[in-house]
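Colleague: sequence unknown, structure follows:
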């Protein structure tokens with residue numbers, strides 16, 4: 001039986017940078033550096049991206065792509081690359097990277113003309129995932145909104161096609177296992193791709209040798225018996241993947257674990273035959289999933305597929321729902337949980353401690369975890385302070 005113990009770690013708020021007011025954190029790396037974004041304390045200036053190397057210190061504002069235009073910092077690799085998005089001078093949105101906190105952003109370039117049958121270059125990009133080495137995946141979009149999954153190798157803005165041009169596949173995750181003749185810069189990528197029947201199917205793209213040399217080739221993840229389709233949510237360096245499989249009406253979604261890209265998946269059964277779906281997988285192959293409770297709420301669980309050990313994660317005392325926000329390689333799950341006052345509060349869970357509250361920021365009464373580092377030792381948090389201003393923070397786990 002799970003047990004709940006009181007808060008052990010108070011979230012530490014970051015001071016607002018000069019001129020900024022409503023601030024949020026977005027990611028944290030294994031060095032416990034954090035990135036996020038702020039909205040200024042006026043009605044006219046754009047949102048800004050920021051970086052903080054040390055807990056509780058005033059963040060450094062990052063340079064924009066164009067003066068007076070919006071930027072957001074969304075992710076932070078262990079080697080220091082900051083991943084985000086910016087609007088250019090012509091109001092087009094692009095994925096960007098900052099290779100250092102003081103350097104100008106590098107635009108994640110769209111695909112050029114004749115990347116497929118396209119007679120015009122693509123016009124916009126967006127980042128959707130990254131690995132600890134700084135490789136970034138996302139989409140390149142044409143002027144008509146047709147998208148292609150691409151990868152930008154670490155510290156560069158030059159795209160490599162991962163899916164077929166214009167197939168509208170979405171890159172959802174990228175691991176750190178490099179493939180191909182030169183190794184570095186060609187990790188495996190998890191994709192969700194539309195099918196000819198109007199469904200979406202999970203695939204795994206690997207950099208392999210072909211008739212014309214090395215290129216990315218996508219393999220459809222095998223379906224379990226009776227499934228109409230399966231989407232993929234995440235993969236690890238061992239090429240183990242997790243996702244959600246669907247079945248003919250009445251659909252009963254189930255979390256799926258693929259031990260390898262060619263394996264038939266193991267399906268998760270939750271007590272009460274609850275509907276469920278995958279969120280995360282860590283390096284040891286442990287899985288965090290979400291499931292539907294008997295009251296119709298959503299909550300989180302922890303699954304070890306190799307032993308089929310399933311644990312339903314309880315909310316904080318008095319709460320009825322939780323949202324999983326991250327999974328560390330040490331097995332720590334970060335959560336946002338409802339508490340006894342019907343407020344949301346950042347929390348963590350381990351098999352040893354159960355669910356533990358992380359507290360609030362600057363005497364506020366509402367907080368959330370927005371992400372944890374891969375090691376599972378620290379989390380980036382958001383909250384409201386006592387004046388109901390949005391505040392970014394950090395908590396040890």
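Modeller: Thanks, I have it. Here the structure is a predicted model, which means the values were calculated and not measured.

Colleague: sec struct for residue 272, please.
Modeller: Under the three-state scheme (DSSP: H, G, I helix; E, B strand; the rest coil), residue 272 adopts helix.

Colleague: residue contacts, the residue nearest the centre of the chain?
Modeller: Closest to where the C-alpha atoms of the chain average out (CA atoms, centre = their mean) is residue 129, at 6.3 Å. By CB atoms under 8 Å, 6 or more residues apart in numbering, the residues touching residue 129 are 136-138, 171-174, 189. Quick note: C-beta positions are derived from backbone N, CA and C, even for glycine.

Colleague: most widely separated two among those?
Modeller: Pairwise distances among the contacts of residue 129 were taken by CB to CB; the largest, 13.0 Å, belongs to 136 and 172.

Colleague: between the two, which is the more surrounded one?
Modeller: Between residue 136 and residue 172, counted using other CB atoms under 10 Å, residue 136 has the larger neighbour count: 29 against 20.

Colleague: mind checking pLDDT for that one?
Modeller: Model confidence at residue 136, given as pLDDT, is 97.

Colleague: which stretches of the protein form helices?
Modeller: Under the criterion DSSP state H, the chain carries no helices.

Colleague: what residue ranges in it score low on pLDDT?
Modeller: The model of the chain has pLDDT under 70 over residues 1-10, 179-185, 212.

Colleague: what is residue 311 paired to in the beta sheet?
Modeller: Note on residue 311: beta-bridge partners residue 302, judged by DSSP bridges.

Colleague: for it, give me its contacts.
Modeller: Counted by CB under 8 Å, 6+ apart, residue 311 has contacts 2, 301-303, 351.

Colleague: distance check, it against residue 289.
Modeller: Per CB to CB, to the nearest Å, residue 311 is found 10 Å from residue 289.

Colleague: tell me, what's touching those two both at once?
Modeller: Joint contacts of residue 311 and residue 289 (CB under 8 Å, 6+ apart) are 301-303.

Colleague: want to throw these into TSV with neighbour count?
Modeller: Shown next, in TSV, are these (neighbours: other CB atoms under 10 Å):
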residue	neighbour count
301	24
302	21
303	24
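
Colleague: now, which of those residues sits nearest residue 17?
Modeller: Using CB to CB, the shared contacts of residue 311 and residue 289 come closest to residue 17 at residue 302, 37.1 Å.

Colleague: any idea how far the closest one is from residue 252?
Modeller: 21 Å.

Colleague: with residue 369 instead?
Modeller: 29 Å.

Colleague: what of residue 40?
Modeller: Distance from residue 40 to residue 252, by CB to CB: 48 Å.

Colleague: and if you look at residue 49?
Modeller: Applying CB to CB to residue 49 and residue 252 gives a distance of 42 Å.

Colleague: same question, residue 24
Modeller: In terms of CB to CB, residue 24 sits 36 Å off from residue 252.

Colleague: just residue 243 next, same as before
Modeller: Taken as CB to CB, the span from residue 243 to residue 252 is 15 Å.

Colleague: those two: who's more crowded?
Modeller: Legend: neighbour count by other CB under 10 Å for residue 243 and residue 252, higher for residue 243 (26 against 13).

Colleague: setting the sequence-adjacent residues aside, check what's closest to that one.
Modeller: residue 232 (3.9 Å; CB to CB, 6 or more residues apart in numbering).

Colleague: got a list of what residue 47 touches?
Modeller: Contacts of residue 47 by CB under 8 Å, 6+ apart are 37-40, 70-72.

Colleague: out of those, which comes closest to residue 362?
Modeller: The closest of the contacts of residue 47, once distances to residue 362 are taken by CB to CB, is residue 38, at 15.4 Å.

Colleague: ok, what's across the strand from the closest one?
Modeller: Beta-bridge partners, per DSSP bridges, of residue 38: residue 23, residue 48.
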